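**Student:** Structural data only, the sequence is not supplied:
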């Protein structure tokens, strides 16, 4: 007599695990996390794309009508910080701010790349890399901090992370010396 193999419990268990896994993958919580990550990257990339484009046109003599502090991607806290930087520079002897406080540089980069954001509740951090050339060492990291108010993500701060003598952390990645790039997108 042939033994019959009974796979019903194993099949049921496997099916239940697949259904639970799919449910968690497509749950509102998981979808919100994915949507927040996409929204954060969109906010930062849209702001920098528009900023760099307007700056290039302005340097070429075009009037763009673009005012980098009056953009929906920026939180009022960040705008006040940048306005204070410019006011403090005006109060000094030469009246000139020696760098661009949005790009943390004196020049306009060729482009930007963005790491996957680290989201903690209604705050997030994402590393934005200014791309200066084709080589792996031709990128400078910035840390963009964001907050979510009334279901909208806005940039609350940008800090320079390219100083090799300081180890800094942004988006869950420590940076110091050589920059680590995880999940970088254009």
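**Tutor:** Nice, I can see it. Remember, predicted model here, so these are calculated numbers, not experimental data.

**Student:** what packs against the longest helix seen in the chain?
**Tutor:** For the chain, the helix reaching the highest residue count under DSSP state H is reported as helix 28-59. Counting contacts by 3 or more CB pairs under 8 Å, 6 or more residues apart in numbering; DSSP states H and E, the secondary-structure elements packed against helix 28-59 are strand 111-114, strand 118-120, strand 123-131, strand 139-149, strand 152-160. (Each C-beta comes from the backbone N, C-alpha and C, glycine too.)

**Student:** now, of those strands, which is deepest in the fold?
**Tutor:** For those, ranked by mean neighbour count under the definition mean count of other CB atoms under 10 Å, the leader is strand 123-131 at a mean of 22.

**Student:** what's in contact with that strand?
**Tutor:** For strand 123-131, the external contacting residues (CB atoms under 8 Å, 6 or more residues apart in numbering) are 36, 40-41, 44, 48, 103-105, 109-118, 138-148, 153, 158, 161, 170-173, 175, 179, 181, 184.

**Student:** Okay, now the sheet partners of that strand, with direction.
**Tutor:** Using DSSP bridges, the neighbouring strands of strand 123-131 in the sheet come out as strand 111-114 (antiparallel), strand 118-120 (antiparallel), strand 139-149 (antiparallel).

**Student:** which one of those lies closest to residue 71?
**Tutor:** In this view, the strands paired with strand 123-131 are compared for proximity to residue 71 by CB to CB, and strand 139-149 is the closest at 13.4 Å.
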